[in-house]
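**Student:** mind looking at a prediction? Sequence and model below.
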Amino acid sequence: MKRFLSILVALVMTLTCFAGLAVAEGKTNINFYIASDMEANAVPIVEKYNTMQDTVHVELITIPNDGYDDKMKTLTAGGSDIDAFWVRTPAQAKNYMANNVLENLKPYAEAAGLDLAPIEANIQAVSDEEGFYGLPVSGSCWMLFYNKDLFDAKGLDYPINLTWDQYADLCKELTYTDGDQKYWGGLNPNWTPNLGAIPTGEYLDAEELPNTRKYEEILHRMYVEDKSMPSIAEMSTGTFDCNAYFAAGNIYTMINGDWTLRLLDAGFTWAAAPLPVLSEEYAEHSCGHASVVAVASSSTHKQEAYDFVQFYTTSPEATSITASNGEVPSYATEEAMKVYQESVTIDGVAYRFSSKILAEQGTAGYYAQILDAFAEEMQLYLLDEQSIDEAFDNYLALREEIMNE
């Protein structure tokens, strides 16, 4: 009987596989590549799209998030089977554009009659004189998050609309040891090394960088001098998880993106506030960027790939799925925003929409390279291994080389 049941199960599984093949038989197959942290959105969107199609089937290929960017560089350089894929940042898109990896989507959008007004600003970041090369999925906004329980226990005002100097003072005040427990005033992952300067409109290719320098000096104070937050060295370990650190409950504040609103799982009451700014004239200014979905120029099914990309990024069905996962869709349909408001109820979420959000990266084709150069030099400064003058001198020399290549 057991042997019979085993054979029966195997037969059912085999028939199921054949049934799946039959469903896709005769359809145009579109290979869509994503990073693993997109699965919550991508899986239901792809499933929804496939159920609506008679002639197209989208195959979802997932790559682990940590290695995604490097893997895609290799795949797109080697004539792979990619039809559509996710691009993390505008700077990466610019690199792909420079290497003729991406299809110009402007003719397809015009033929489809797509209203580009809701995403015009995001499209500019992935455009050239010929057109644009990706449709934005979801936007981001850097914010400050805080542990309300810790602030309430000390009877402190919540950290709303601070300058970076005020934030550094607060972090120093709130860093202490109580018995065996260490408390940190803040946590600031240095993923965007010029974060504080961007809301002033100053980017790394500007001739002068006074705001960038001021922000780096404040970071050095917090990381090295005051030791009011985990250090660059500690955050550079392969196991560092920003939200997990904050969720431990011994950190008063955290600088992070609005993805925290959907990812943070903490056993205390927490809330969101505007990103600190260099001066009060920039109150409620922040920065962020939109990731995009692009069509590979090597695709043999460009029209079908574009049709899927447009559905994924602009349709009420897909944007509502994105919103249900706590992300703000770039193409903010009425249906999606209603879902978002029902899904995200954290105190302070309104600051996500009242903030003036500047693009997180410059639009020059070389920007990703100078950003890497800047990050490397500033890391040495924030590890206290070189002075700020040395760091900026080295960066400016590297920038000159990169911009003149």
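**Tutor:** The structure has been received and is ready for your questions.

**Student:** CA atoms for contacts and neighbours, from now on please.
**Tutor:** Will do.

**Student:** now the helix or strand harbouring Thr212: buried residues?
**Tutor:** Under DSSP states H and E, the secondary-structure element containing Thr212 is helix 210-220. Within helix 210-220, the residues that count as buried by 16 or more other CA atoms under 10 Å are Asn211, Thr212, Arg213, Lys214, Tyr215, Glu216, Ile218, Leu219, His220.

**Student:** let's verify the nearest residue to the fifth one once chain neighbours are set aside: helix, strand, or coil?
**Tutor:** Spelled out, that is Tyr215. Of all residues not flanking Tyr215 in the chain, Gly196 sits nearest, at 5.6 Å (CA to CA, 6 or more residues apart in numbering). Following DSSP: H, G, I helix; E, B strand; the rest coil, Gly196 is assigned to coil.

**Student:** please look at Gly196 and Thr212 and confirm they touch.
**Tutor:** Yes - using CA atoms under 8 Å, Gly196 is in contact with Thr212, at 7.1 Å.

**Student:** whatever helix or strand Phe32 lives in packs against which elements?
**Tutor:** Assigned by DSSP H and E, Phe32 falls within strand 28-35. Packing partners of strand 28-35 (3 or more CA pairs under 8 Å, 6 or more residues apart in numbering; DSSP states H and E): strand 56-63, helix 65-77, strand 84-87, helix 302-314.

**Student:** name the residues of it that are buried.
**Tutor:** Here strand 28-35 shows Asn29, Ile30, Asn31, Phe32, Tyr33, Ile34, Ala35 as buried, counting by 16+ other CA under 10 Å.

**Student:** format the residues you listed as a markdown table; extra columns: distance to Tyr68.
**Tutor:** Formatted as a markdown table, these follow (distance: CA to CA, whole Å):
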| residue | distance to Tyr68 |
| --- | --- |
| Asn29 | 22 |
| Ile30 | 19 |
| Asn31 | 16 |
| Phe32 | 13 |
| Tyr33 | 9 |
| Ile34 | 8 |
| Ala35 | 6 |
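
**Student:** dump these to TSV, plus pLDDT and distance to Ile402.
**Tutor:** Below are the buried residues of strand 28-35 laid out as TSV (pLDDT from 0 to 100; distance: CA to CA, whole Å):
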residue	pLDDT	distance to Ile402
Asn29	97	40
Ile30	97	37
Asn31	97	34
Phe32	98	33
Tyr33	98	30
Ile34	97	30
Ala35	94	29
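
**Student:** show me which residues of stretch 390-399 are buried.
**Tutor:** So, applying 16+ other CA under 10 Å, buried residues of stretch 390-399: Ala391, Phe392, Asn394, Tyr395, Leu396, Leu398, Arg399.

**Student:** cool, and stretch 48-56?
**Tutor:** Across stretch 48-56, burial judged by 16+ other CA under 10 Å covers Tyr49, Asn50, Val56.

**Student:** tell me the one of those residues nearest Ser140?
**Tutor:** Nearest to Ser140 out of the buried residues of stretch 48-56 is Tyr49 (CA to CA; 25.0 Å).

**Student:** from Phe132, how far out is the closest one?
**Tutor:** Separation of Tyr49 from Phe132 (CA to CA, to the nearest Å) stands at 24 Å.

**Student:** for the residue lying closest to Asn29 once chain neighbours are set aside, give me its contacts.
**Tutor:** Nearest-residue entry for Asn29: His57, 4.9 Å, with adjacent residues in sequence omitted and distances by CA to CA, 6+ apart. Neighbouring residues of His57 by CA atoms under 8 Å, 6 or more residues apart in numbering: Ala24, Lys27, Thr28, Asn29, Ile30, Asn50.

**Student:** which of those residues lies closest to Thr237?
**Tutor:** Using CA to CA, Ile30 comes nearest to Thr237 of the contacts of His57, at 37.3 Å.

**Student:** got a pLDDT number for the residue nearest to the closest one when sequence neighbours are not counted?
**Tutor:** Excluding the flanking residues, the one nearest Ile30 by CA to CA, 6+ apart is Val58, at 4.6 Å. pLDDT for Val58: 98.

**Student:** try Asn122
**Tutor:** Note on Asn122: pLDDT of 86.

**Student:** how about the one 5 residues further on?
**Tutor:** According to the per-residue confidence, Ser127 scores 92 in pLDDT.

**Student:** how about low-confidence regions in the protein?
**Tutor:** Along the chain, the parts satisfying pLDDT under 70 run over 1-25.

**Student:** okay, now Leu195: neighbour count?
**Tutor:** 23 (other CA atoms under 10 Å).

**Student:** what residues are up against it?
**Tutor:** Shown in contact with Leu195 (CA under 8 Å, 6+ apart): Tyr215, Cys287, Glu360.

**Student:** in a markdown table, list those residues along with distance to Val137.
**Tutor:** A markdown table is the format used below for the contacts of Leu195 (distance: CA to CA, whole Å):
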| residue | distance to Val137 |
| --- | --- |
| Tyr215 | 30 |
| Cys287 | 16 |
| Glu360 | 16 |
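
**Student:** quick one: which of the residues you listed is nearest to Ile82?
**Tutor:** Taking the contacts of Leu195 together and measuring to Ile82 by CA to CA, the closest member is Glu360, at 27.4 Å.
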